Each structure stands twice: as structure tokens, then as C-alpha cells.
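In: need a 3D model of the sequence below.
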Amino acid sequence: MVVGFVFLLLGVSVGEPTAASLGIAAIITAIASLSIASTSVQMVLWGVLAIALTVVLRGMVPMPTQDEQPDTEAVVSEMIPRGGVGWVSYEGSLWKARCQISDVEIARSQTVQVIGRHGLTLIVLPIDFPDKYDTVS
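Out: Numbering: from 1, shown residues only. Predicted structure coming up:
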């Protein structure tokens, strides 16, 4: 019973439905053990309840929406030179960043779009391209 409450508390505090389901199954099995003497039946009951509750509780966890997706924009903190690496402020942290187009320089305070990551370096593109990169006739 005590282990069940520990798992239930852990599952609720961490927000993990699997731990909570193990705790609920243990509590139900502890109550059922008052009338079921066989240890093997108690273990089977706990296993079946744990699996069933895990499936049910996982189905109740909401899936991430588009609003919860990571931000795709960053602000240049230190200029990104042509073919070089600069720094951007992205999701509250400073990241190294490199422009995907090697001959484009991105000035400080300019907003860029994060299009990928290579190790600990973000790959970015300026939102406003210089005039020489506009449509080619």
C-alpha cells in the first residue's frame, strides 16, 4: 500500500502517467489482498491493472499542438559574418548560429528564422533578404 502511494505521488508530481498507474494498481491490489491469499494471483492482478491503467492514463494525456511547437524565430545578438558563426538569442538562451547561405552577412538585432541545427550551432536564414537575393529574372 505504501509503495502504491509513493508511486502515485511520484506520478502526479512528475506528470508521468505510467508511474501513477503503477501506484494506483498497487493500491487496488493491496486492498484486494485482504480477500485474496495467493501471492501469484495478487501479482497477476497487479500486472493486469498496471497495464490497463497505463493504457487508459496515457490516452488521457493531451498531444502537443502547433502552438506548443518550438519557436522558429531568433534575434541576432552578435553579427553573423559571411561564412562565419555569430550568436543569436533563441528561446531565452544564447546559441551559436551560422547562416545557411554562406555569402550573406546578418546584422545585430535582425530577426532570423531557425531552420535547423548542426550540433550546438543553429542554422538560420534572415527573414528579410538583401535586395541582391530577390527574384532573379
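In: all contacts plus neighbour counts: C-alpha atoms, from now on.
Out: OK.
In: neighbouring strands for whatever helix or strand Ser89 lives in, and are they parallel or not?
Out: Ser89 belongs to strand 85-90 when assigned by DSSP states H and E. The strands beside strand 85-90 in its sheet (DSSP bridges) come out as strand 73-78 (antiparallel), strand 93-99 (antiparallel).
In: need those in a markdown table with distance to Val56 and mean neighbour count, can you?
Out: Output for the strands paired with strand 85-90, formatted as a markdown table (distance: least, CA to CA, whole Å; neighbours: other CA atoms under 10 Å):
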| stretch | distance to Val56 | mean neighbour count |
| --- | --- | --- |
| strand 73-78 | 37 | 22 |
| strand 93-99 | 37 | 20 |
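In: right, so of the ones you listed, which gets closest to Gln42?
Out: Closest to Gln42 of the strands paired with strand 85-90 is strand 93-99 (CA to CA; 50.5 Å).
In: touching that closest one from outside, list them.
Out: Applying CA atoms under 8 Å, 6 or more residues apart in numbering, the external contacts of strand 93-99 come out as 77, 80, 82-89, 105-106, 120-126.
In: who touches whichever helix or strand comes after it?
Out: As assigned by DSSP H and E, the chain's next helix or strand after strand 93-99 is strand 111-118. By CA under 8 Å, 6+ apart, the residues outside strand 111-118 that reach it are 72-76, 122-127.
In: may I see the buried residues of strand 111-118?
Out: 111-114 (16 or more other CA atoms under 10 Å).
In: quick one: distance of that strand to the chain centre.
Out: Here the centre of strand 111-118 is set off from its chain's centre by 18 Å, with CA atoms, centre = their mean, to the nearest Å.
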